[in-house]
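Student: Need the 3D shape of this:
(one chain, ligands or ions: 1)
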Amino acid sequence: MHTVIVYESMYGNTREIAEAIADGIHRADPSAAVDCLPVTEADADLTRSADLLVVGGPTHMHGMSSSMSRRMAASAEAKREGHEEAAKEAHEAAEGQGLRTWFRHLPDTEHGSYAAAFDTRGTGAGSGGAAPGIAHRLERHHYDVVAEPEGFVVEGLDGPLRAGELDRARAWGAALL
Ligand SMILES: Cc1cc2nc3c(=O)[nH]c(=O)nc-3n(C[C@H](O)[C@H](O)[C@H](O)COP(=O)(O)O)c2cc1C
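Tutor: Next up, the predicted model:
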């Protein structure tokens, strides 16, 4: 069983959730091969080799990020004092491709692979979520989406994650197997 986890992250919270999901899969099946990598490094050969493809990103404007929302995220961070390192990372993420572009180049799966989608999102009731849009795109590429799209909560625009979300991500990952 080979799992590939692909994430987009401006401030690092979605990356932390992705790594916790990988950890949960490892704990559930120590023999499972798990690759966890940013969307800028996930090429077609790797995704083609996956039996299970897990994709996640931050919620921006109620859905998946766009090049505009990623630029907004980078400039919001640049205005915050003491956040120089985070602002640099957000700027680099904004310059690179996001999940929408990545999906345009994702080859259809040829052997009916499984998939799942997650996002990070704010605490508000009407926060929306990126995961339904991600799941929809996975289905369009003929993936068999095996779990309800899941959202993990961040406390502020740039985090931190709400207490308990990393444990919940580990459990969610383990339940995918
Ligand atoms: C431009 C922008 C728009 C956002 N819009 C929403 C939103 O509509 N709903 C929501 O729950 N969170 C929203 N957020 C908060 C993000 O979900 C949060 O920054 C993200 O989960 C952090 O993940 P990351 O650290 O991986 O980038 C927005 C953030 C930015 C920067």
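Student: Once you drop chain neighbours, what's closest to Trp172?
Tutor: Glu150 (5.6 Å; CB to CB, 6 or more residues apart in numbering). For the C-beta atoms, the positions are set from N, CA and C on the backbone; glycine is no exception.
Student: check contacts around the one you found.
Tutor: Under the criterion of CB atoms under 8 Å, 6 or more residues apart in numbering, the neighbours of Glu150 are Ala116, Ala117, Phe118, Asp119, Ala131, Trp172.
Student: Most neighbours of all these, which one?
Tutor: Counting neighbours by other CB atoms under 10 Å, the top entry in the contacts of Glu150 is Asp119, with 31 neighbours.
Student: Tell me the secondary structure at that residue.
Tutor: Assigned state for Asp119: strand (three-state reduction, DSSP: H, G, I helix; E, B strand; the rest coil).
Student: For it, give the beta-bridge partners.
Tutor: For Asp119, the beta-bridge partners under DSSP bridges are Gly57, Gly151.
Student: Help me confirm that it comes into contact with Ala135.
Tutor: No. Assessed by CB atoms under 8 Å, Asp119 is found out of contact with Ala135, at 10.0 Å.
Student: Cool, thanks, signing off.
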